[in-house]
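**Student:** Structure of the sequence below:
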Amino acid sequence: MAESRVESYRMWGNMSGRSWIAATAEQHVELRGLAGSSDREEADRARAILLSLEGWTSDRIASAFCVQPDSVRHWRWIFGREGVTGLRARTAPGADPVKARAALSVIEAVLAPGVSERPNWTLPRLADEIEKRTGKRISKSRLSVVLKKGALPGVGHGTP
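**Tutor:** Residues are numbered from 1 along each chain as shown. You can find the predicted model right below:
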C-alpha cells in the first residue's frame with residue numbers, strides 16, 4: 001500500500017498540481033505530431049501533456065485550455081497508463097449513424113442545384129424530404145446537428 005502511494009507521488013507529483021510524468025524522446029515526437037491533429041480535443045490532450053512535461057501545473061494548463069484541472073490530471077493518468085495512444089480520439093460506441101448518413105445523402109442531392117434554382121429549405125422541410133426519399137425519420141434537432149457536423153460545403157455557415 002505504501003509503495004503504491006510512493007509510485008503515485010512519483011508519477012503525479014505533489015499537491016501543487018505539478019506533474020512528474022516523463023516521456024521518452026519517441027513519445028515527445030509522437031506528442032508533437034498529435035498536437036498538430038485536426039481533431040481539437042486530441043490535439044489539446046497532447047499539448048497539455050507537452051506542457052506538463054515542461055512543468056506547467058494542472059491549474060495553469062486547465063486555464064489555458066478552458067477545462068477543469070481534473071481533466072488535465074485525467075489526461076496525465078491516461079498518458080501514464082496508455083502512452084500517446086491513449087490520448088488519441090476514439091470512435092464513440094453505439095449504433096452506426098444510419099439516419100445521419102441518409103440525411104446527408106438527401107441533403108447533398110437537394111442542395112446540389114445552384115442557389116438561384118433551388119427552393120428555400122427549412123429543417124422541417126428537409127426532414128420531410130429525407131423521410132420521403134429514404135423512409136427514415138430524423139428530428140429537427142438531430143438534423144441540425146448533422147448539418148453542422150456533416151461538413152457539406154456552404155451548408156450551415158451563412159449560406160446565401
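
**Student:** contacting residues for Trp121?
**Tutor:** 110-111, 129 (C-beta atoms under 8 Å, 6 or more residues apart in numbering). Just so you know, the C-beta spots here come from the backbone N, C-alpha and C atoms, and that holds for glycine as well.

**Student:** how much space is there between the residue nearest to Arg118 when sequence neighbours are not counted and Trp75?
**Tutor:** Spatially, and ignoring its direct neighbours in sequence, Arg118 is nearest to Leu111 (6.6 Å; C-beta to C-beta, 6 or more residues apart in numbering). The gap separating Leu111 from Trp75 is 39 Å, by C-beta to C-beta, to the nearest Å.

**Student:** contacting residues for the residue nearest the centre of the chain?
**Tutor:** Centroid-nearest residue in the chain, with C-alpha atoms, centre = their mean: Glu41, separated by 4.4 Å. Residues near Glu41 by C-beta under 8 Å, 6+ apart: Ala89.

**Student:** what secondary structure does it sit in?
**Tutor:** Three-state call for Glu41 (DSSP: H, G, I helix; E, B strand; the rest coil): helix.

**Student:** I'd assumed Thr85 was in contact with Gln27.
**Tutor:** No: applying C-beta atoms under 8 Å, one finds Gln27 not in contact with Thr85, separated by 10.2 Å.
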